[in-house]
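# Sequence and predicted structure are below.
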Amino acid sequence: MTLQFNETETTTTTTAGPVRGAARRAGAGRARLWLTAVPLLLVLCWALFPALFSWQDPIAGVGAEKFQPPSGGHWFGTDHLGRDVYTRVVHGTSQTLLTAGLAVLVGLVAGTAVGLAAATAGRAADAATMRLVDVLLAVPGFLISLIVVTAFEPGPVSLGVGVGIASIASFARVVRSEVLRVRNLDFVEAAFLSGGTYRTVILRHILPNATGPVLALLAVDLGAAILAISGLGFLGFGAPPPTPEWGLLIAEGRQYLGSAWWMTSLPGLVIVATVVLLAGLGRQLLKIFRF
Amino acid sequence: MGRYVALRIGQALLVVWLAYTVIFLAVQLLPGDPVTIFLSTDAAVDQATIDNMKRQYGYDQPLPVQYFAQLGGLLHGDVGYSLASGEPVAARIGGVIGSTLALALSAFATAVGLALAVVAAATLTRSAALRKLLTNLPPLFAAVPVFWLGLVLLELLSIRWGVMSLFPDGSFLSLAVPVFVLGVHVSAPIAQVLLKSIDTVYNQPFIDVLRAKGASAAWIFFHHALKNAAGPAATITGITVGTLLAGSVITETVFARSGLGAVVLQAVTTQDVPLVQGLVLLTATVFVAVNLLVDLLYPLLDPRILKSNGQGSPRALGV
């Protein structure tokens, strides 16, 4: 009996106004997109113009003001050298985002090339590249980054490249499946029939139509790269101190865990918020592009 | 069935061999050989020492000889020698793996339990607000850095409330907290996939039939939905092995536990390439083995996978 009731209820709501419902949903979706995009833009502005958002010096501290808890003057408190932790988080954004961006760029470019080759260059190429992707997946990304950092000097560039190599596999898989989907659509056939070459059809028709899920992955992967980089930065394989990098900030705070909780907790919250927002952005992009 | 098993085992062996080859080639692409890299931080070293050490470790041999010698050694369980200590890599890893394995396995069990609990509560609760809260937990778990959660808990439990020691002393909390921290991290992907696949299952008609027959929500979830949704969750569970390892290294560092983490960090800071190479190969093998196991157990969860494509039930899950 309850089942019957539920059924009729759902049908009435859907017949009442599919247009209105869709519009409301689209409106809510847009609001949510703004709610994720605006804070992320703020973080991007931190990276581009750190001086606009903070007032103190990120490197030189005021000795008399060390270990001050969070207050109106020092939102995130001050560290062992009297430096404002909020300022250091703002100034560290560019370092963290640049390294993460490098990682995502490496993953995107190499992954797209591999995925495209797998989807368009014939069966043998597909089998070969997909086995390589299996190998990349079998070695944890964390270790791939460690190999690169071991072989070259630890630093932001080798860290970014290492984390990027680790993300090639996921990009390759998404690009491959998207290109396979688009390639079988009628308009691609039409483009070939009207004289398009392999290169022009791929560049002008297939790739632009395969971007949606790749963009979504880009956002999610940027978050994952920030996490990986802050983790490796925490272990000491990223930018050397006194560069304010997010992971390094937390690693520094670790020594003063007993006297200054804010040095670890608050920069960490910024990382969590950024990664959550990026993952949310990825989900919403996927919803927008999946019709 | 036999064909499926043979295919999977063959694929697994192929991936392990490819992983070995790729790592070997990657090491050759490095600027300089492992010995030169290892000694590069030491200013006082002369060419004779480098040559001597190269000869000792076999890095002066032609590449194909090195490739097959190392591959042959691998088949006997010999993964090479650490440059820093001269110990066999296998012994170096074997000496510390126990503590890491204990941490990783308990964290894994915690992660599976946590994921199941979150998904069960989110599916069975009658409160829409609680459901929304619970379904948002896994993405949050995924965004929390392991080292940060560890440090925050250490701060609260050891310093603020003083119920736990800062260093491992064998007490319950000093074991449980690292396991919990790692477990939370690993549970996120499992819970996310399980939530999604439970969602797919609940949209299928047989759930309506069960409801119409009067089955309770809990009965439907535990006896029917969970079993049907377990496949994708099992697959992602196999994939979390890599996360588990990376997480273990970081967790061990945060909680000052001895184990594989210390070895990994030492190998990287001293630029001990053979040791890192051995560690990578070991994890790749473990990863492939676990995922092979998942693949081999999969037909028990969902026998449809054994049928050729398109022959499964028309309501086959997820397709």
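Thanks, I have it. Predicted model only: the values in this text are computed from it and were never measured.
# Could you check stretch B:59-79 against chain A for contacts?
No. Using C-beta under 8 Å from any C-beta of the partner chain, we find that stretch B:59-79 stays clear of chain A, coming within 14.5 Å at best. Backbone N, C-alpha and C define where each C-beta goes, glycine included.
# buried stuff in that stretch?
Residues B:59, B:66, B:67, B:70, B:74, B:79 are the ones in stretch B:59-79 that count as buried (16 or more other C-beta atoms under 10 Å in any protein chain shown).
# cool, stretch B:11-24 as well?
Buried-residue list, stretch B:11-24, by 16+ other C-beta under 10 Å: B:11, B:12, B:15, B:16, B:18, B:19, B:20, B:22, B:23, B:24.
# Repeat that for stretch A:143-154.
For stretch A:143-154, burial by neighbour count (16+ other C-beta under 10 Å) applies to A:143, A:144, A:145, A:146, A:147, A:148, A:149, A:150, A:151, A:152, A:154.
# same thing with stretch B:262-280?
For stretch B:262-280, by 16+ other C-beta under 10 Å, it's B:262-265, B:267-280.
# Nearest to residue B:161 among the buried residues of stretch B:59-79?
Of all those, residue B:161 sits closest to residue B:79, with 44.1 Å by C-beta to C-beta.
# Helix, strand, or coil at the closest one?
coil (DSSP: H, G, I helix; E, B strand; the rest coil).
# So it sits against residue B:73, correct?
Yes. Contact criterion C-beta atoms under 8 Å: residue B:79 and residue B:73 qualify, at 7.3 Å.
# Run through who's touching the helix or strand that contains residue A:162.
Here residue A:162, judged by DSSP states H and E, is contained in helix A:156-166. Contacts to helix A:156-166, defined as C-beta atoms under 8 Å, 6 or more residues apart in numbering or on different chains, come from residues A:95, A:98-107, A:110, A:136, A:140-142, A:144-149, A:151-152, A:225, A:228-229, A:232-233, A:237-239, A:245.
# Show me how to select, in ChimeraX, the buried members of those residues.
Here is the ChimeraX selection string for the buried members of these, based on 16+ other C-beta under 10 Å:
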select /A:95,98,99,100,101,102,103,104,106,107,110,136,140,141,142,144,145,146,147,148,149,151,152,225,228,229,232,233,237,238,239,245
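# residue boundaries of the helices in chain B?
B:2-29, B:34-39, B:47-57, B:63-75, B:89-124, B:128-143, B:146-154, B:172-202, B:205-212, B:217-219, B:226-254, B:260-269, B:273-301 (DSSP state H).
# can you redo these as CSV with mean pLDDT?
Below are the helices of chain B laid out as CSV (pLDDT from 0 to 100):
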stretch, mean pLDDT
helix B:2-29, 84
helix B:34-39, 75
helix B:47-57, 75
helix B:63-75, 79
helix B:89-124, 90
helix B:128-143, 90
helix B:146-154, 90
helix B:172-202, 90
helix B:205-212, 92
helix B:217-219, 90
helix B:226-254, 86
helix B:260-269, 84
helix B:273-301, 85
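# ok, back up a step: among the contacts of helix A:156-166, which ones are in helices?
Per DSSP H, the subset of the contacts of helix A:156-166 in helices is A:95, A:98-107, A:110, A:136, A:141-142, A:144-149, A:151, A:225, A:228-229, A:232-233.
# could you dump the buried residues of stretch B:11-24 to JSON lines with distance to chain A?
Output for the buried residues of stretch B:11-24, formatted as JSON lines (distance: C-beta to the nearest C-beta, whole Å):
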{"residue": "B:11", "distance to chain A": "8"}
{"residue": "B:12", "distance to chain A": "9"}
{"residue": "B:15", "distance to chain A": "5"}
{"residue": "B:16", "distance to chain A": "8"}
{"residue": "B:18", "distance to chain A": "5"}
{"residue": "B:19", "distance to chain A": "5"}
{"residue": "B:20", "distance to chain A": "9"}
{"residue": "B:22", "distance to chain A": "6"}
{"residue": "B:23", "distance to chain A": "8"}
{"residue": "B:24", "distance to chain A": "12"}
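# which non-adjacent residue is nearest residue 85?
Defaulting to chain A. Among residues not flanking residue A:85 along the chain, residue A:76 sits closest, at 3.8 Å (C-beta to C-beta, 6 or more residues apart in numbering or on different chains).
# nope, chain B please
residue B:92 (6.8 Å).
# And for residue A:101?
residue A:222 (7.3 Å).
# and the one you found, how far is that from residue A:108?
Distance of residue A:222 to residue A:108, given as C-beta to C-beta, to the nearest Å: 10 Å.
# okay, those two: which has more neighbours?
Using other C-beta atoms under 10 Å in any protein chain shown as the criterion, residue A:222 and residue A:108 rank with residue A:222 on top: 24 against 19.
# and that one, helix, strand or coil?
helix.
# Retrieve the pLDDT associated with it.
Note on residue A:222: pLDDT of 91.
# show me the contacts for it.
Taking C-beta under 8 Å, 6+ apart, one finds A:100, A:101, A:104, A:278 in contact with residue A:222.
# show me the contacts for the last one.
The contact partners of residue A:278, taken as C-beta under 8 Å, 6+ apart, are A:40, A:219, A:220, A:222, A:223, A:226.
# now it, nearest residue through space, not along the chain?
Using C-beta to C-beta, 6+ apart and skipping residues adjacent in sequence, the residue nearest residue A:278 is residue A:223, 3.5 Å away.
# List the contacts of the one you found.
Residue A:223 sits next to A:274, A:275, A:276, A:277, A:278, A:279, A:282, B:143 when contact means C-beta under 8 Å, 6+ apart.
# can you rerun that using 10 Å?
By C-beta atoms under 10 Å, 6 or more residues apart in numbering or on different chains, the contact set of residue A:223 is A:100, A:104, A:271, A:274-282, B:139, B:142-143.
# Same question for residue B:124.
B:131, B:216, B:217, B:218, B:220, B:221, B:222.
# Report the central residue of the chain.
Let's take chain A. Residue closest to the mean C-alpha point of chain A, counted by C-alpha atoms, centre = their mean, is residue A:222 at 1.6 Å.
# actually chain B
Using C-alpha atoms, centre = their mean, the most central residue of chain B is residue B:241, at 1.6 Å.
# Might one say that that one is in contact with residue B:282?
No. Taking C-beta atoms under 10 Å as the definition, residue B:241 is not a contact partner of residue B:282, at 11.8 Å.
# which stretches of the stretch 1-150 of chain A form helices?
Using DSSP state H, counting those that start in this stretch, the helices of the stretch 1-150 of chain A run over residues A:2-16, A:18-48, A:50-53, A:85-120, A:123-138, A:141-151.
# want to try JSON lines for the buried residues of stretch A:143-154, with pLDDT and distance to residue B:182 as columns?
Below are those laid out as JSON lines (pLDDT from 0 to 100; distance: C-beta to C-beta, whole Å):
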{"residue": "A:143", "pLDDT": "80", "distance to residue B:182": "17"}
{"residue": "A:144", "pLDDT": "83", "distance to residue B:182": "20"}
{"residue": "A:145", "pLDDT": "83", "distance to residue B:182": "19"}
{"residue": "A:146", "pLDDT": "80", "distance to residue B:182": "18"}
{"residue": "A:147", "pLDDT": "79", "distance to residue B:182": "23"}
{"residue": "A:148", "pLDDT": "81", "distance to residue B:182": "24"}
{"residue": "A:149", "pLDDT": "78", "distance to residue B:182": "22"}
{"residue": "A:150", "pLDDT": "73", "distance to residue B:182": "24"}
{"residue": "A:151", "pLDDT": "74", "distance to residue B:182": "28"}
{"residue": "A:152", "pLDDT": "76", "distance to residue B:182": "29"}
{"residue": "A:154", "pLDDT": "74", "distance to residue B:182": "24"}
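# Listing request: residues of chain A with sub-threshold pLDDT.
A:1-26, A:290-291 (pLDDT under 70).
# how is chain B carved up into domains?
As given by automatic domain parsing, the domain ranges for chain B are B:2-75, B:96-302.
# returning to that earlier point: list residues touching both of residue A:222 and residue A:108?
residue A:167.
# on that earlier part again, list the contacts for the residue nearest to the centre of chain B?
Contacts of residue B:241 by C-beta under 10 Å, 6+ apart are A:138, A:140, B:104, B:108, B:186, B:283, B:286-291, B:294.
# Thanks a lot, catch you later.
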